[in-house]
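**Q** Just a sequence and a predicted model for now, questions to come.
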Amino acid sequence: MSVLLSVNNLKTWFKTDRGLVRAVDGVSYYISEREIIGLVGESGCGKSVSQLSVLQLIPTPPGEIVSGEVIFDGHDLLKFPANGPEMRSVRGGKIAMIFQEPMTSLNPVLTIGRQLTEMLELHLNMDSEAARERAIELLNLVGIPEAASRIDDYPHQFSGGMRQRVMIAMALSCNPKILIADEPTTAVDVTTQAQLLELMKDMVVRFNTSLIIVTHNLGVVARYAQRIYVMYAGRIVESGITKDIFGNPRHPYTIGLLACVPRLDEPRGRKLVPIVGLPPNLINMPPTCAFLPRCPYRIERCQQEPWPELRLIDGQHYTSCHVDTREK
Amino acid sequence: MTPDDTLVDVKNLKMYFPVLRGLLRRKVADVKAVDSISFRIKRGETLGLVGESGCGKTTTGRCILRLYRPTEGQILFEGHDISQLPESKIRPLRRRMSLIFQDPFGSLDPRQSAGDIVGEPLKVHHLVNSKREYRERVEELFRMVGLDPAMVDRVPHEFSGGQRQRIGVARALACAPSLIVCDEPISALDVSIQAQIINLLQELREGLKGLTYLFIAHDLSVVRHISDSVAVMYLGRIVELTDSITLYENPLHPYTRVLLSAVPIADPFVEEKRERIILKGEVPSPLYPPTGCHFHPRCPLAIPECSQVVPPLREVGGGHKVACIRV
Amino acid sequence: MLEKRTLPTDFTEMLPRVSEFRRFRRVFFSRRLVVFGLIVILALIVTAIFAPFIAPYNPYKMDLSRKLLQPCREHILGTDSLGRDTLSRVIYGTRTSLMVSVIAIGIAGSIGMTMGLLAGYFGGITNMVIMRFTDALMSFPMILLAMVVAAVLGGGLKNVIIALGVGMIAPYCRLMCGQVLSVKENDYITAGRAIGASNLRMMLGHILPNCFPPLIVLLTLMMGTVILAEASLSFLGIGITPLTAAWGSMVNDGYKYLLTHLMLSFAPGLAIMLVVFAFNMVGDGLRDALDPRLRGTL
């Protein structure tokens, strides 16, 4: 399975009035053909910013991609100008992205048909008739009932779940190699979430696309992702195949997350073990490990040394922690 | 179960919101947000109300607190029917029941200090006699929810989301109420902070005798964890009502089973083996609910009779109630 | 019943203390024009208070032997047709302008905001009645309305103030009502109801304080409008008696001599322009500094 996208040591920083925010601070990951990977973390960990950086959608100023490589299709995407023809052909055409809020991602004054055909005409050079046919096909594929007539409806005439399906149709319309789904299910109900995720999985198989799921929901990645990257305060703290991460979590943050989430299948009596403290303040962060103030496993070394690099534990399982957390 | 045990007794509650059109504001239809539901909450118990958007759970919570006046039905609180009481009679009762909101940002007046937000119920109901008493009580409430009492003079935007939610909890506790309605209290918080608030609510319930929760949420894992009993709602009606252990081990209503299968579990080994029931279609609008059983258009067990008969919520044994003719 | 429990506390790392005041100061003073406007307004207030000490002559004293003098060393801006020193009249004019506008806005603001608060809070019939009333008021251009009221009540400073006040009720009422409606949507208002707060407590304690920023901005912006309106009225000869030193009537008086004695109209005209501009700038600055979206930033 060849590697499609390889992100190496990506750093995206934001200069604000209050100081420097290192939103993404040395993130590396990859995705291969026909893979589903998960990028897991809470708000502010940098998972969304990293994806936007790959597509060079970061507002500059105040943001800036300070360093790193994004190798896709033999080229480093970061070397292309942000608004140049190369990036424009990649966005939507080769790497597509769907967002959390379908209402603001869809243009409210254009019919969804037009938004679909626009993409097809732009990236695949289809003529308008062929594009329209293809658009109806896609809407049927994603489960929009009566697609042939609904193609001329406007976004506000669809429910939230339907709009997300339209977004999926748009994203897949040009047969991208990679689909990035940024918190695709946070704004919808759990049954709709299940429908959409199953749909995305089916589409990925059908279109031979790879999928990056960016989410804070551990259950979603447990169900769908083959490999997972856990992020905290702009860096990856643990990565590996799903069964390793859940079966043998090694970074204190991952352990903490798994212990603090109630599970449907566990006995009711289990007391949740919260992660103490507050989410990290990303402004002017010190060089030590960002999880230090909240870490129950911390040792002297953690206060003195900078945030450790990822180290290999086993197979593909990496963690950025000095401590052997199995001993607790 | 003696009558004294029951704190809240809801009977056939209906809450319809009229849709008004035209210059003369004529009613053309009703949004049947809550369409005849009945349940009881015992003192000291936590009842979870779970369902997806549009099911009426938030409206139910607000009706019990009399923030709406119900269209029909009875709400017995501590034995008295409060469903049609005028606002002036409700006001003194408000110290016995309170509300925790979903949004930790919008639920606190940005121009009040945290201490004043927490202490306002004390002033409204004249529960303190001096400034010193007030200050002491406010600081005590801060400590109870895990906030530093030195922060009483800070304003909401100086706190983090989790801390603001704690302020909301402290405010809800101020008058030592019997009932606290928690309306999605953790969905707007980060995952690692959610557990802090869940634990806080549980500890408070253990420490304060007689504190009762109505816990409204869409996250079934959380509801099951914190509640003693759970009521599952769909489009304005309760489809299943039972204790939380039975709900997971023996769900009877088809919608409950779908809901349970849709909730992902953070364990890939378990997930591999789970049955997944994927629903077709979308939740209908509460303006045009399906006839008979509201769930029948999407139900895998539906038969023609389901569209003609409204299934009553009937007991199938051990306090387990289901509203389905196929069970 | 309440056991004292100490739960684990998480007061590590409070967010850094953000001073609303410092941020306000920083944004407000960031534009030079705004600072200039503020200086002008302060100068205006000082001039009004200390007018007797600043003005070289008595503005009411007529000296027909010295009428219509061009600007010279003894009369920097010259004299008018009755021999009164123009500079002194402009200085004393600040008193009239300030007094009229502050009182008029005070009336308009307090009545308008109260009406808006009630209309927004109670909705329904209250809202409808009050809104229709403001509709009626707004169908007249403000100057026209003020003229009508002044004509009905008769001339005189007091009636001019009332007339102007009435003319400005509508914008305050509308703005307040709109603000109340949007503030009402917030959860903290529902929280107040859930606590059992009385209507009065809700309105004065929660809704009003959160409506202030745009209203303060309107207050300052309207100051300029009122001064101009007063000037227009006195230019049209309504209200202010000819003896009073008022900028508008001074412009009117000097109108006849525009080609020969420019200063008679120009000086008061310039004063009007400067003050109106200053209030607009300060209002602008206030609006930026009080922007709720900046709240919580440094």
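**A** Alright, I've got the coordinates.
**Q** Residues touching stretch C:95-103, excluding its own?
**A** C:44-45, C:48, C:51, C:157, C:160-161, C:164-165, C:223, C:226-227, C:230-231, C:240, C:244-247, C:272, C:275 (C-beta atoms under 8 Å, 6 or more residues apart in numbering or on different chains). Backbone N, C-alpha and C define where each C-beta goes, glycine included.
**Q** try it again with 7 Å
**A** In this structure, residues lying in contact with stretch C:95-103 by C-beta atoms under 7 Å, 6 or more residues apart in numbering or on different chains are C:44, C:48, C:51, C:160-161, C:164, C:223, C:226-227, C:230, C:244-247, C:275.
**Q** Keeping just the C-alphas, turn that stretch into PDB.
**A** What follows is stretch C:95-103, C-alpha atoms only, in PDB (Å, rounded to 0.1, in the frame of the first residue of the first chain):
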ATOM      1  CA  ARG C  95     -22.900  77.400  27.200                       C
ATOM      2  CA  THR C  96     -26.100  77.600  25.200                       C
ATOM      3  CA  SER C  97     -25.100  74.800  23.000                       C
ATOM      4  CA  LEU C  98     -24.000  72.500  25.700                       C
ATOM      5  CA  MET C  99     -27.000  73.200  28.000                       C
ATOM      6  CA  VAL C 100     -29.500  72.700  25.200                       C
ATOM      7  CA  SER C 101     -28.000  69.500  23.900                       C
ATOM      8  CA  VAL C 102     -27.300  67.900  27.200                       C
ATOM      9  CA  ILE C 103     -30.700  68.500  28.600                       C
END
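**Q** circling back to that earlier point, restricted to helices, list the contacts of stretch C:95-103.
**A** Counting by DSSP state H, the part of those found in helices is C:Leu44, C:Ala48, C:Ala51, C:Val160, C:Ile161, C:Leu164, C:Met223, C:Val226, C:Ile227, C:Glu230, C:Trp247, C:Val275.
**Q** And the furthest pair within the residues you listed?
**A** In terms of C-beta to C-beta, the ones in helices among the contacts of stretch C:95-103 reach their longest pairwise distance at C:Ala51 and C:Leu164, which sit 21.9 Å apart.
**Q** More neighbours: those two, which one.
**A** Between C:Ala51 and C:Leu164, counted using other C-beta atoms under 10 Å in any protein chain shown, C:Leu164 has the larger neighbour count: 30 against 17.
**Q** Now do stretch A:64-82, average pLDDT.
**A** Here stretch A:64-82 scores 92 as its mean pLDDT.
**Q** what about it, start to end distance?
**A** Start-to-end span of stretch A:64-82 (C-alpha to C-alpha, to the nearest Å) is 11 Å.
**Q** contacting residues around it?
**A** A:5-13, A:53-54, A:56, A:58, A:86-87, A:90, A:94.
**Q** Give me the subset of these lying in strands.
**A** Taking DSSP state E as the definition of strands, the contacts of stretch A:64-82 contribute A:Leu5, A:Ser6, A:Val7, A:Asn8, A:Asn9, A:Leu10, A:Lys11, A:Thr12, A:Trp13.
**Q** looking at it, the last one is touching A:Leu20, isn't it?
**A** Yes - distance between A:Trp13 and A:Leu20: 5.9 Å, which falls inside the contact criterion (C-beta atoms under 7 Å).
**Q** which parts of the stretch 151-298 of chain C sit against chain B?
**A** Applying C-beta under 7 Å from any C-beta of the partner chain, one finds that the stretch 151-298 of chain C approaches chain B through C:186-188, C:190-191, C:193-197, C:201, C:206, C:209-210, C:295-296.
**Q** let's see it at 6 Å
**A** C:Asn186, C:Asp187, C:Tyr188, C:Ala191, C:Ala194, C:Ile195, C:Gly196, C:Ala197, C:His206, C:Pro209, C:Asn210, C:Gly296 (C-beta under 6 Å from any C-beta of the partner chain).
**Q** what residues are up against the second one?
**A** Neighbouring residues of C:Asp187 by C-beta atoms under 6 Å, 6 or more residues apart in numbering or on different chains: B:Phe101, B:Asp103, B:Gly106, B:Ser107.
**Q** Please report phi then psi for it.
**A** When read as degrees, to the nearest 10, the backbone of C:Asp187 gives phi -60, psi -30.
**Q** Kindly indicate whether A:Ile212 is helix, strand or coil.
**A** Using DSSP: H, G, I helix; E, B strand; the rest coil, the structure places A:Ile212 in strand.
**Q** residues in contact with it?
**A** Residues in contact with A:Ile212 (C-beta under 6 Å, 6+ apart) are A:Ile37, A:Ile180.
**Q** circling back to that earlier point, so between A:Trp13 and A:Leu20, which is more surrounded?
**A** A:Trp13 (20 against 14).
**Q** now the more buried one, which residues is it bridged with?
**A** Beta-bridge pairing for A:Trp13 (DSSP bridges): A:Glu64.
**Q** could you dump stretch B:36-53 to PDB, C-alpha only?
**A** Extracted C-alpha coordinates of stretch B:36-53, given in PDB (Å, rounded to 0.1, in the frame of the first residue of the first chain):
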ATOM      1  CA  SER B  36     -48.600  13.600  26.100                       C
ATOM      2  CA  ILE B  37     -45.900  12.200  28.300                       C
ATOM      3  CA  SER B  38     -46.000  10.800  31.800                       C
ATOM      4  CA  PHE B  39     -43.300   9.900  34.200                       C
ATOM      5  CA  ARG B  40     -42.300  10.100  37.900                       C
ATOM      6  CA  ILE B  41     -39.100  11.200  39.600                       C
ATOM      7  CA  LYS B  42     -38.500   9.900  43.100                       C
ATOM      8  CA  ARG B  43     -36.600  12.000  45.600                       C
ATOM      9  CA  GLY B  44     -32.900  11.500  45.400                       C
ATOM     10  CA  GLU B  45     -33.100   9.800  42.100                       C
ATOM     11  CA  THR B  46     -31.600  10.800  38.800                       C
ATOM     12  CA  LEU B  47     -33.900  10.500  35.800                       C
ATOM     13  CA  GLY B  48     -32.100  10.700  32.400                       C
ATOM     14  CA  LEU B  49     -34.100  12.100  29.500                       C
ATOM     15  CA  VAL B  50     -32.400  11.200  26.200                       C
ATOM     16  CA  GLY B  51     -33.300  11.600  22.600                       C
ATOM     17  CA  GLU B  52     -32.200  13.400  19.500                       C
ATOM     18  CA  SER B  53     -32.900  17.000  18.400                       C
END
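**Q** Can you tell me the closest non-neighbouring residue to B:Gly281?
**A** Take B:Gly281 and drop its neighbours on the chain: the residue closest to it by C-beta to C-beta, 6 or more residues apart in numbering or on different chains is B:Arg298, 5.1 Å away.
**Q** what about B:Asp243, distance to C:Ile216?
**A** 56 Å (C-beta to C-beta, to the nearest Å).
**Q** for the stretch 51-200 of chain A, what spans make up the helices?
**A** For the stretch 51-200 of chain A, the helices defined by DSSP state H, counting those that start in this stretch occupy A:85-90, A:102-105, A:112-124, A:128-141, A:147-150, A:160-172, A:190-207.
**Q** Deepest in the core, which of the ones you listed is it.
**A** helix A:160-172 (a mean of 24; mean count of other C-beta atoms under 10 Å in any protein chain shown).
**Q** how many degrees apart are it and helix A:190-207 in direction?
**A** Following axes from the mean of the first three to the mean of the last three C-alpha atoms, to 10 degrees, one obtains 20 degrees for the angle between helix A:160-172 and helix A:190-207.
**Q** Centre of the chain to stretch B:154-167, how far?
**A** Here stretch B:154-167 is found 22 Å from its chain centre; the criterion is C-alpha atoms, centre = their mean, to the nearest Å.
**Q** For stretch C:48-59, give the mean pLDDT please.
**A** Stretch C:48-59 comes out with an average pLDDT of 86.
**Q** Not counting it itself, show me its contacts.
**A** Contact with stretch C:48-59 is made by C:Arg84, C:Asp85, C:Ser88, C:Arg89, C:Ile91, C:Tyr92, C:Thr94, C:Arg95, C:Leu98, C:Ala245, as judged by C-beta under 6 Å, 6+ apart.
**Q** can those residues go into JSON lines with extra columns for distance to A:Glu146?
**A** Output for these, formatted as JSON lines (distance: C-beta to C-beta, whole Å):
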{"residue": "C:Arg84", "distance to A:Glu146": "84"}
{"residue": "C:Asp85", "distance to A:Glu146": "85"}
{"residue": "C:Ser88", "distance to A:Glu146": "83"}
{"residue": "C:Arg89", "distance to A:Glu146": "79"}
{"residue": "C:Ile91", "distance to A:Glu146": "78"}
{"residue": "C:Tyr92", "distance to A:Glu146": "78"}
{"residue": "C:Thr94", "distance to A:Glu146": "73"}
{"residue": "C:Arg95", "distance to A:Glu146": "75"}
{"residue": "C:Leu98", "distance to A:Glu146": "69"}
{"residue": "C:Ala245", "distance to A:Glu146": "78"}
